[in-house]
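Q: One predicted model, sequence on top.
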Amino acid sequence: MPVASRWHRGGTPTHKLHFRKEVEIRTTLQELLLYCIFLINLCILTFGMVNQHMYYLNKVMSSLFLDTSMPGDERTNFKSIRSITDFWKFMEGPLLESLYWDSWYNNNQLYDLKNSSRIYYENILLGVPRVRQLKVRNNTCKVYPSFRSLMSECYSKYTSENEDISDFGLKQDTEWKYSTPSSNSPWHWGFVGVYRNGGFIFTLSKSKSETKKKFINLQLNSWIRRGTRVVFIDFSLYNANVNLFCIIRLVAEFPATGGILTSWQFYSVKLLRYVSSYDYFIACCEITFFILFIVFTIQEGIKIKEFKSAYFKSIWNWLELLLLVLYFVAIFFNSYCKIQIFLLLESLLKSTEKYSDYYFLAYWHIFYNNVIAITIFFAWIKIFKFISFNNTMSQLSSTLSRCIKDIVGFAIMFFIILFAYAQLGFLVFGSQVDDFSTFQNSIFAQFRIVLGDFNFAAIQQDNPVLGPIYFITFIFFVFFVLLNIFLAIINYTYSEVKADYSIGRRPDFELGKMIKKSYDNALKKLKLKKPQEDEDNESVKSRDLAERARREGFDENEIQSAEQMKKWKERLEKKYYSTEIQDDYQPVTQQEFRDLFLYAVELEKELHYISLKLNRVMREVSALPY
């Protein structure tokens, strides 16, 4: 055997390359097996945190508190409140009727209610609801001098600097006196502002009649005033049938422009985590998740120590680090939620005559759910690391890696045009069309146009001239030009990758073949598969092709010549495209040159023979009568 065939460039023997490849294969399979166990555990853990009852509980509660119409006006509910009068009608009507359920549908006592409302007869109202408002001070905005004689009061939008914390009205109870913010609960992000905790607060009574009197008294004494910027209605429910807490917040914002904007939040969460046997199984999955997190952290630490700066050159290693960060954040928030639930839940359950602030627990529990959802998304993306050893998946990754520079250049051009059209749409249609009411909405509207979800009639009605021009030019430049350029970049690069793979530049090993080979070897060792079953498929195919050629009229010389050329081709491909020799260039010996020369001569003969046959066919075709 020539020296160049036995030794890798740099002096590495071929048998050592085989050993390294076997180690790499074994390591990859071990990592894949361990990661599959981890991924299954993570899926069980995440899906064990949620169930379909959360959706149904949110649905029935939102239907009750949002869609219930006001007395005497079937078209008005919480969603359609637009004035302070409508707001008080909602408080004294649908809200009051929905919160206090004290009898069965035939007015009989179903069970001992213990001075507690049971909404829909199944959901216990925890504690009492709370109503809270935030105000701004007078003269927090500047009035143009010409209008100062017409306006003696001016209330700006809500900010923490503009907030009014002075007592007002009757100045007797908490609803007229400012309460300092709680350090626990998060701020609320509304439509027109970000609102902090605290404010002017009052809690409802256990009695429906007393609560109604309270509403009437507040309305008569103008509890909601011009400076009011937001009113929160908070309460919590517990359904023991499905072990779920439903934390509800109804929000009415009073923007500086006037009117009311309503919004709502319904959080169904499982705060009592370990009740049934399945819950304890989920706890075991959490412990397994923590152990595997430690194992993966140690593995990545060893890799960083071994490869140093070269470790950060791989995109998969960056994904590994991102996943480790997400694992740590998920574990941290899970522990934090458990500690807070342990510290606060028992005291909240005991305070039946006061407002129980479950919103704090629900908020962080939902935040933890979001973190774990992002974590499992990237955990599934990591699967591509292992299946990239497959030929098809390797082509995909090679295509993306090769065209990344072109895609970045295209993205710069695309976003320049996108932002230009977004700003144009915001300035022209922003005051009339909801899709362009803010610059952020305008940006997302561009993507919706590309996907076909767009209200053309709205912009045409707002501006009959610029509306159609804007729409047509955007569709032309983005949809017909830029998107086709993007597809052309991908198609051209994919064609190059396919061409390279067709001449033998392919992955060093394919995971599917490795698994199949390991499976066959295991069957042989267990004597479940006989050796004669492993007959060479290529030999079978060659015999079949030869028989087919004889049936079609080829003589034996042509068949033998084709078989000889095929053998030469396979031998040369094995020599120069084999994964055993990992150079791009190897010295050519005299014998190898002779083989290549003979192969080229045979190719020339075949081409000459094909040319003669084509000429004969063309002469016969030209001789045919028309």
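A: Structure's in. What do you need?

Q: just the strands in the stretch 1-150 of the chain please.
A: 7-8, 12-13, 118-119, 123-135 (DSSP state E, counting those that start in this stretch).

Q: which one of those strands lies closest to Cys285?
A: strand 123-135 (29.1 Å; Cβ to Cβ). (Glycine included, C-beta is placed from N, CA and C.)

Q: average pLDDT across the next helix or strand after that closest one?
A: Next helix or strand after strand 123-135 toward the C-terminus (DSSP states H and E): strand 188-189. Strand 188-189 shows a mean pLDDT of 90.

Q: and strand 188-189, which strands flank it?
A: In the sheet, strand 188-189 lines up against strand 194-195 (antiparallel) (DSSP bridges).

Q: one step back: winner for burial among the strands of the stretch 1-150 of the chain?
A: With neighbours defined as mean count of other Cβ atoms under 10 Å, the strands of the stretch 1-150 of the chain peak in mean count at strand 123-135, which reaches a mean of 22.

Q: average pLDDT for that one?
A: Strand 123-135 comes out at a mean pLDDT of 91.

Q: follow-up on the earlier one: could you dump the strands of the stretch 1-150 of the chain into JSON lines and include distance to Glu604?
A: Shown next, in JSON lines, are these (distance: least, Cβ to Cβ, whole Å):
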{"stretch": "strand 7-8", "distance to Glu604": "34"}
{"stretch": "strand 12-13", "distance to Glu604": "38"}
{"stretch": "strand 118-119", "distance to Glu604": "90"}
{"stretch": "strand 123-135", "distance to Glu604": "87"}
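
Q: Those: which one's closest to Thr262?
A: So among the strands of the stretch 1-150 of the chain, strand 123-135 is nearest, using Cβ to Cβ, at 14.4 Å.

Q: Neighbours of Ile412, how many?
A: 9 (other Cβ atoms under 10 Å).

Q: ok, now how distant is the residue nearest to Val194 when sequence neighbours are not counted from Thr174?
A: Of all residues beyond its chain neighbours, the one nearest Val194 is Trp187 (5.6 Å), with distances taken as Cβ to Cβ, 6 or more residues apart in numbering. Look at Trp187 and Thr174: by Cβ to Cβ, to the nearest Å, they are 20 Å apart.

Q: Ok, Ser268 next?
A: Counting by Cβ to Cβ, the gap from Ser268 to Thr174 is 29 Å.

Q: okay, the two: which has more neighbours?
A: Ser268 (24 against 13).

Q: Quick check: beta-bridge partners of that one?
A: Under the criterion used (DSSP bridges), Ser268 bridges to Cys246.

Q: Verify the stated contact: it with Asn243.
A: No. In this structure, Ser268 is not within contact of Asn243 by Cβ atoms under 8 Å, at 10.8 Å.

Q: Tell me where the longest helix sits in the chain.
A: Counting by DSSP state H, the longest helix found in the chain is helix 315-350.

Q: Next, the angle strand 123-135 makes with that helix.
A: 100 degrees (axes from the mean of the first three to the mean of the last three Cα atoms, to 10 degrees).

Q: burial count for Tyr121?
A: 11.

Q: surely it meets Val60?
A: No. Counting by Cβ under 8 Å, Val60 is not a contact partner of Tyr121; they are 11.7 Å apart.

Q: any weak-confidence spans in the chain?
A: 1-25, 103-115, 183, 387-392, 502-519, 522, 524-595, 597, 625-626 (pLDDT under 70).

Q: Domain map for it?
A: Following the TED database, the chain resolves into domains at 53-269, 273-389, 414-505.

Q: Is it possible to get those out as JSON lines so that each row also shows distance to Ser397?
A: Below are the domains of the chain laid out as JSON lines (distance: least, Cβ to Cβ, whole Å):
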{"stretch": "domain 53-269", "distance to Ser397": "37"}
{"stretch": "domain 273-389", "distance to Ser397": "5"}
{"stretch": "domain 414-505", "distance to Ser397": "9"}
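
Q: orientation of the host helix or strand of Trp380 relative to strand 123-135 in degrees?
A: Using DSSP H and E, Trp380 sits within helix 359-381. Counting by the same axes, to 10 degrees, helix 359-381 lies at 100 degrees to strand 123-135.

Q: other SSEs contacting helix 359-381?
A: helix 14-47, strand 244-253, strand 261-269, helix 315-350 (3 or more Cβ pairs under 8 Å, 6 or more residues apart in numbering; DSSP states H and E).

Q: can you do 10 Å?
A: Where contact means 3 or more Cβ pairs under 10 Å, 6 or more residues apart in numbering; DSSP states H and E, helix 359-381 is packed against helix 14-47, strand 228-239, strand 244-253, strand 261-269, helix 315-350.

Q: other SSEs contacting the helix or strand following it?
A: Once the chain leaves helix 359-381, the next helix or strand it forms, by DSSP H and E, is helix 383-387. The helices and strands touching helix 383-387, judged by 3+ Cβ pairs under 10 Å, 6+ apart, are helix 14-47, helix 315-350, helix 391-402, helix 511-525.

Q: 6 Å instead, please
A: Here helix 383-387 touches no other helix or strand, going by 3 or more Cβ pairs under 6 Å, 6 or more residues apart in numbering; DSSP states H and E.

Q: Just the C-alpha atoms of it, please, in CSV.
A: Taking C-alpha atoms only, helix 383-387 is exported to CSV below (Å, rounded to 0.1, in the frame of the first residue of the first chain):
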residue,chain,number,x,y,z
ILE,A,383,-31.8,17.8,18.5
PHE,A,384,-30.5,19.2,15.2
LYS,A,385,-27.0,18.9,16.7
PHE,A,386,-27.3,15.1,16.6
ILE,A,387,-29.3,14.6,13.4
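
Q: chain center to it, what's the gap?
A: 18 Å (Cα atoms, centre = their mean, to the nearest Å).

Q: Need the residues that contact that helix.
A: With contact meaning Cβ atoms under 6 Å, 6 or more residues apart in numbering, helix 383-387 is reached by Leu32, Trp316, Met393.

Q: Please repeat the previous calculation with a cut-off of 8 Å.
A: Thr28, Glu31, Leu32, Tyr35, Leu39, Trp316, Leu319, Met393, Ser397, Leu511 (Cβ atoms under 8 Å, 6 or more residues apart in numbering).

Q: Brilliant, that's me finished.
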